[in-house]
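J.: Show me the folded form of this:
(one chain, ligands or ions: 1)
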Amino acid sequence: MKKRIEILMLSLFMTATIAGQNKNAPVNYDEGKVPTFELPDPLKCENGESVSTIKQWEKVRRHEIMKLYSEQVYGVTPKQTGIKMKHELVSSNHEAMGGLATSKQVRFTFTGKNGATHQALLLLYIPNNTQGRVPVIVSYNFHGNQTTTFDNEVIYSPSHEIMKSLGSDNWGRGEQASRWSYELALQRGYAIATMSYSDICPDSPELCEYGIPSLLQGYNINSRGEHEWGAIGIWAWGYSRIADYLEKEKRIDKKRMVVLGHSRIGKTALWAGVQDSRFKVVISNDSGCGGAALSKRVFGENIAIITASFPHWFCTAFNVYSENEAALPFDQHELLSLVAPRHVYVASAEDDQWADPRGEYLSAYYTGSVYRLYNMQGLPSDAQPAVNQPQHYDVGYHIRTGGHDVKNYDWQCYLDFCDKVFKKL
Ligand code: GCU
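T.: I've put the predicted structure just below:
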């Protein structure tokens, strides 16, 4: 008996170390130390068959890759959450931004099957300079709608109090305004919809009782089954709920919805865009590890570090690949390929080595074979373009000068790319 307990203890210890997330895992910034690896072929089915038709891709292979990402990375999105949603217009101003836009603030009330309710606040700017339906860029903000602009009419996002109570700062008005090129987008005829991602699920395992998780009966982010969704999955679900609302908004063209996200929200935008085909362009800004960057390069942030630092983001099955990227049966170019034949855009920043710009580029490049299946054009070469030289094919990419951020330059590139895509519709 004692022996059995010892064996059990040993095996528990081993599982803990194998699946051990490790904040102190070494970080590689040396191209010479990138391990040799072979990328899985997105067009090779699990039974070894090669995909040569769109039908085979859509009926077989796409599902296989989707299942891997659901069960091993972000967790399975429940088919039915039982959550109901109501919307209420809190304010509207036809002369926002000096007349450039009509602004609307819309309260989302979510009610769970358990009877609990939760509220989130959407901020929508619609351009006044054009009539009729317009394309929309949907993008979460980090610290509340009020941080994206100096516009005094913008109400503080409901999650700001609870996040501040954890010591999270930068929640003041306009604090992240430099990341939001509202005027540029509006002048170019695009609407923008934003919400704090913390309104959907606070970005902290300590707050798992708050937000959408509180409406899910029996769900606890800290004691989930290994394939159950985590925060990225829940945020991605929230993106789709914003799309539900926008589809009903008179001035929005539901055929021209774009999802954009920076960093952890870039990882989220990719996962949302993969699952929800209403997003015709899916944009990842500096999303790095667990986003656009190839994991097998183990360059910059790696799986051991990310799963240790943010245990609530991914499903816990992902921990198995901590310090073991070589064992991954997939890589992030395959995630991007799930967007085809819609459009995916990956952007990097030169000084953001933590996010592995080269790994982000290669991922976008290697998604090309799936685009070619649709007779579409991926990126032309595995050589990363020079900084500030955007490449806009059916897949888009740019690397700009500077660090981990969203700049006006990024917005310009995204708008150029979207214009090109939407002209073809
Ligand atoms: C950290 C994290 C990244 C993430 C980033 C962000 O740096 O390690 O994975 O993308 O935060 O969201 O800003």
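
J.: Please name the nearest non-neighbouring residue to the residue nearest the centre of the chain.
T.: Nearest to the mean C-alpha position of the chain, counting by C-alpha atoms, centre = their mean, stands T268 at 1.9 Å. Leaving aside its sequence neighbours, T268 sits nearest to W235 (C-beta to C-beta, 6 or more residues apart in numbering; 4.4 Å). Every C-beta, even on glycine, is put in place using the N, C-alpha and C of the backbone.

J.: for that neighbour, what are its contacts?
T.: Y140, Y197, I200, C201, I265, T268, A272 (C-beta atoms under 8 Å, 6 or more residues apart in numbering).

J.: before we move on, what about A383?
T.: No contacts exist for A383 under C-beta under 8 Å, 6+ apart.

J.: Export stretch 416-425 to CSV, keeping only CA atoms.
T.: The C-alpha trace of stretch 416-425 is given here as CSV (Å, rounded to 0.1, in the frame of the first residue of the first chain):
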residue,chain,number,x,y,z
ASP,A,416,-5.1,50.3,-46.4
PHE,A,417,-5.3,46.5,-46.2
CYS,A,418,-9.1,46.6,-45.4
ASP,A,419,-9.7,49.1,-48.2
LYS,A,420,-8.1,46.7,-50.6
VAL,A,421,-10.0,43.6,-49.3
PHE,A,422,-13.3,45.4,-49.2
LYS,A,423,-12.9,46.8,-52.7
LYS,A,424,-13.0,43.2,-54.0
LEU,A,425,-16.3,42.4,-52.2
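
J.: mean confidence score for that stretch?
T.: Regarding stretch 416-425, the rounded mean pLDDT is 92.

J.: What parts of the protein come near the ligand?
T.: S263, R264, G288, C289, E301, I306, S309, W354 (C-beta under 6 Å from any ligand atom).

J.: OK, contacts around the first one?
T.: For S263, the contacting residues are N285, D286, S287, G288, G291, A355, H404, by C-beta under 8 Å, 6+ apart.

J.: Considering those, which is situated nearest to the ligand?
T.: Checking the contacts of S263 against the ligand with C-beta to the nearest ligand atom, the nearest one is G288 at 4.9 Å.

J.: sec struct for the residue nearest to T268, please.
T.: helix (DSSP: H, G, I helix; E, B strand; the rest coil).

J.: got it, and C418?
T.: Under three-state DSSP, C418 comes out as helix.

J.: In this structure it contacts V282, no?
T.: No. C418 sits out of contact with V282 when judged by C-beta atoms under 8 Å, with a separation of 11.1 Å.

J.: list residues touching both of those two?
T.: V258.

J.: Can you give the contact residues for stretch 350-363?
T.: Contacts for stretch 350-363 (C-beta under 8 Å, 6+ apart): 27, 29, 31, 263, 284, 286-289, 291-294, 297, 299-301, 331-333, 335-336, 346-349, 379, 382, 384-385, 387, 397, 399-404.

J.: So which bits of it are buried?
T.: D352, Q353, W354, A355, D356, P357, R358, G359, E360, Y361, L362, S363 (16 or more other C-beta atoms under 10 Å).

J.: Now do that stretch: distance from first to last residue.
T.: With C-alpha to C-alpha, to the nearest Å as the measure, stretch 350-363 spans 16 Å from end to end.

J.: how about the residue of the stretch 51-200 of the chain found nearest the ligand, what does it touch?
T.: Nearest residue of the stretch 51-200 of the chain to the ligand, counting by C-beta to the nearest ligand atom: F142, 7.8 Å away. Shown in contact with F142 (C-beta under 8 Å, 6+ apart): N170, Q176, S196, Y197, S198, I265.

J.: number of nearby residues for the first one?
T.: As a burial measure, the neighbour count of N170 was computed by other C-beta atoms under 10 Å and equals 12.

J.: what's the residue nearest to it when sequence neighbours are not counted in contact with, if anything?
T.: Take N170 and drop its neighbours on the chain: the residue closest to it by C-beta to C-beta, 6+ apart is H143, 5.2 Å away. If a contact means C-beta under 8 Å, 6+ apart, then H143 has S157, H160, M163, S168, N170, W171, E175, Q176, S196, S198 as its contacts.

J.: Now the two most distant members of those residues.
T.: Pairwise distances across the contacts of H143 (C-beta to C-beta) peak at 14.4 Å, for the pair E175 and S198.

J.: Looking at these two, which one has more neighbours?
T.: More neighbours surround S198 than the other of E175 and S198, with 28 against 17 (other C-beta under 10 Å).

J.: so what's the backbone phi/psi at the more buried one?
T.: Main-chain torsions, S198, degrees, to the nearest 10: phi -70, psi -20.

J.: can you pull the contacts of it?
T.: Taking C-beta under 8 Å, 6+ apart as the test, what S198 contacts is F142, H143, G144, S157, S159, H160, I162, M163, G211.

J.: The residue lying closest to A327 once chain neighbours are set aside and F310: what is the separation?
T.: In space, and not counting its chain neighbours, A327 is closest to Y321: 6.1 Å by C-beta to C-beta, 6+ apart. Distance of Y321 to F310, computed by C-beta to C-beta, to the nearest Å: 15 Å.

J.: Contacts made by the helix or strand harbouring H87 with the rest, please.
T.: Element membership of H87, judged by DSSP states H and E, is strand 84-96. Residues outside strand 84-96 that contact it (C-beta under 8 Å, 6+ apart) are 102-111, 121, 125, 128, 151, 153, 155, 241, 244-245.

J.: quick one: which of those sit in strands?
T.: Of the contacts of strand 84-96, the ones assigned to strands by DSSP state E are T102, S103, K104, Q105, V106, R107, F108, T109, F110, T111, L121, Y125.

J.: how about those, which pair is most distant?
T.: T102 and T111 (28.7 Å).

J.: Which one's more surrounded, the two?
T.: Between T102 and T111, counted using other C-beta under 10 Å, the more crowded position is T102 (19 against 15).
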